[in-house]
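*Asks:* Quick one, fold the following:
(chains A and B)
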Amino acid sequence: MSQENAKTAEASVPFWKEMFSSKNMKLLTRPFGADNPVTVQVLGICSALAVTAKLQPALVMAISVTVVTAFSNLIISLLRNTIPPRIRIIVQLVVIAALVIVVDQILKAVAYEVSKQLSVFVGLIITNCILMGRLEAFAMANKPWPSFLDGLGNGIGYGMILVILAFFREIIGSGTLLGYRVIPQSFYEAGYSNNGLFILPPMALILLGIIIWIQRSRNKDLIEKEK
Amino acid sequence: MFSNRYIFIYTAVMVAAVAVLLALASTLLRPMQQRNEETATMQELLKAAGKNVERDVAIDMYNRTVTAEWRVDRQGNIVAKYDNAGGDWKQVQGDAGIKRAFDCNLKAELEKAAAHEADASASDALFPVFVCNGGDTYIVPLQGKGLWGAIWGYIALGKDFNTVEGATFNHKGETPGLGAEIASEPFQRHFIGKKLFDENGNFTSITVQKGGADKYPGDVSHAVDAVSGGTITSNGVTAMLKDCLAYYVPFFKKMQSESVQASVEDTENNK
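*Replies:* Numbering: from 1, shown residues only, chains lettered A, B, ... in the order given. This next block holds a predicted model:
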C-alpha cells in the first residue's frame, strides 16, 4: 500500500476501526504466541521462576508488569521526539523506575500480603529486560497508540507464562489454587502427597523448558535453521 | 541535534516531575500502608496469644484480646499503663509523653538499655508488655539479628511469668527453606510449654538447640529443636530471646512474687 492510499484509508474509516485495525491488533496478540517475551525472546526468566510458586503472587506480578510495560511504552512514545538520543536510556530508566515505584507503593497500600510475598521482585521489574527491550525496539520509533498496544501485549504475554507456570506449580506443589484446596483430602488419605520439588525454582525452569518445547514443536518457524 | 543546554534542562525537568509524582504517591498512600503494617503486627501478636486471625478482623480481635498495654523499666516497675476501653486506648498511669506499648520502638529501647548495660537504674529504657484477657497472658516483643537481617517475634507467657504459651517469629530476609523456617508454624509450636526459669528461679531463657532439644545439656524444658540448615538464624533466635527477656527479668520476678503474695493473702482471707 502506498503512502497516499494509506492516508485516504485513514480519513475514510472511523478512528476506532483504525485503532483496532488488524495491524494494531497483531501488535497486541503476537507476543501471546510467536513473539512471546518469555518463551521465544527468553526475557524475564528470573522473575518467572521466582514468583510462580503460588498463583496469586504470579497474577499480581503479571498485572504489575503489564501496567508498567503498557504505560512506560506509552510515555516514552509520547516523549520520543523530545528525548535526546544521548541520554535516552537514562530517560527510559527513569520512566520505568517511577512507574514501578508507584506500582509498589499501591500494592503496599491495597494488597499488603501479596506485596510481602513478592518482596523484592516488584522492585526488580525495573531490571526486567522486557521493559527496556520494548522501549528501545518499539516505543522509541512508533506512535503512542501502537506502542501502548505493544506494551500491553508483551506484558500479557509475559503474564500468561507466569500464570501457566504458577497454575501447575501450585496445584502439584501445594494441592491448592489461589489458596483454596482443590485436591480432596481423600487423595492424601489414600497416600497421595504434594510434590515439594514444584515449590522450588528449578522445577519452574523445567516447566518453562517444557512449555518452550511444546510451543516449538507446534510452530516450526521458531526453530533456528541449522547452518 | 540537541544541544547540551537542552539536555541539561530536559533532565532537570524530568527529574523534578518524577520527584513530585513519587512524593505525591508516597504521601497519599502512606496512611493506608501504615494501617497495613499495624494490622500485620497485630496479627503476629495475636498469633503468639494463640489466635490465628485473618487480616480484616485483626484490629477488632486485638482490641478484644489485649486489655492493657504497659511499659516497664529495667528495675521491673510498671511506669506507664494504658487501658483498652472498647478499642479506645486511655492512659491511666505514667507521664503523658510515654507512648503506648504498641507504638513504641523496641529497637530504640534496646539501644537505650544497651548504652547502660551494667547499671539498670541509670537506664531510661521502657519496655513494652501486652496484657491479654485481663492478665491471663502477657506478651513480650522480641527483636534481634538473624543471618541476613533483622528478626523479631512475640512471646506469650502465662500468669506465672515462666511458662511459654505461644511464640511467633518473623524475619526480614532469612534464607527461604532454611533460616526462614523460624516463621513457620511447626517451629513456633515447639515453644509452647517451655520455661524461662529453672526450679531455683534462675533465668535460663530458651535455647534453640542444634541437633534437637535432646542434645541440650540442661533440662529439656529450656530448649527447642533448631532449624536444620539454619544454624545462624537459630542462634540468632536464642540470642534474641536471651537478650530481650533479660531486661524483663526484674519485672517477671516482681510479678511472680506479687502473685505469690496475692495467693497467700487469698488463703488467709479464706481462713
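
*Asks:* residues near B:Gln75, how many?
*Replies:* 12 (other Cβ atoms under 10 Å in any protein chain shown). (C-beta placed from N, C-alpha, C; glycine too.)

*Asks:* For it, I want the exact helix or strand it lies within.
*Replies:* Using DSSP states H and E, B:Gln75 is not contained in any helix or strand.

*Asks:* for it, what are its contacts?
*Replies:* Residues in contact with B:Gln75 (Cβ atoms under 8 Å, 6 or more residues apart in numbering or on different chains) are B:120-121, B:250.

*Asks:* so can I have CSV of those showing distance to A:Thr82, neighbour count and secondary structure?
*Replies:* Shown next, in CSV, are the contacts of B:Gln75 (distance: Cβ to Cβ, whole Å; neighbours: other Cβ atoms under 10 Å in any protein chain shown; DSSP: H, G, I helix; E, B strand; the rest coil):
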residue, distance to A:Thr82, neighbour count, secondary structure
B:Ala120, 65, 15, helix
B:Ser121, 67, 9, helix
B:Pro250, 68, 17, helix
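
*Asks:* Chain A: which of those is nearest?
*Replies:* Closest approach to chain A among the contacts of B:Gln75 (Cβ to the nearest Cβ): B:Pro250, at 36.2 Å.

*Asks:* which ones are touching that closest one?
*Replies:* B:74-76, B:120.

*Asks:* Need the max-distance pair from these.
*Replies:* Greatest spacing in the contacts of B:Pro250, by Cβ to Cβ: B:Gly76 and B:Ala120 (9.2 Å).

*Asks:* Compute the number of surrounding residues for residue 123.
*Replies:* Unless you meant another one, I'm taking chain A. 14.

*Asks:* hm, I was asking about chain B
*Replies:* B:Ser123: 19 neighbours (other Cβ under 10 Å).

*Asks:* Distance of it relative to chain A?
*Replies:* Noted for B:Ser123: a distance of 34 Å to chain A, by Cβ to the nearest Cβ, to the nearest Å.

*Asks:* Which residues does stretch B:115-128 contact?
*Replies:* By Cβ under 8 Å, 6+ apart, stretch B:115-128 touches B:69-75, B:79-80, B:98, B:101-102, B:104, B:106, B:109-110, B:112-113, B:140-141, B:247-248, B:250-251.

*Asks:* Provide a list of residue ranges in the chain with pLDDT below threshold.
*Replies:* If you meant another chain, say so; for now it's chain A. Along chain A, segments meeting pLDDT under 70 span A:1-13, A:227.

*Asks:* actually it's chain B I care about, not the one you picked
*Replies:* Filtered on pLDDT under 70, chain B yields the residue ranges B:263, B:265-271.

*Asks:* quick one: the helices in it?
*Replies:* Taking DSSP state H as the criterion, chain B carries its helices at B:4-48, B:55-65, B:106-115, B:185-189, B:231-246, B:249-270.

*Asks:* Tell me which of those helices is the most buried.
*Replies:* For these, the largest average neighbour count (mean count of other Cβ atoms under 10 Å in any protein chain shown) is found in helix B:231-246, namely a mean of 20.

*Asks:* how about the residue nearest the centre of chain A, secondary structure?
*Replies:* The centroid of chain A falls nearest to A:Tyr158 when counting by Cα atoms, centre = their mean (2.5 Å). Counting by DSSP: H, G, I helix; E, B strand; the rest coil, the backbone at A:Tyr158 sits in helix.

*Asks:* of the contacts of B:Pro250, closest to chain A?
*Replies:* Chain A lies nearest to B:Arg74 out of these, by Cβ to the nearest Cβ, at 33.9 Å.

*Asks:* residues in the stretch 151-271 of chain B within reach of chain A, list them.
*Replies:* B:173, B:177 (Cβ under 8 Å from any Cβ of the partner chain).
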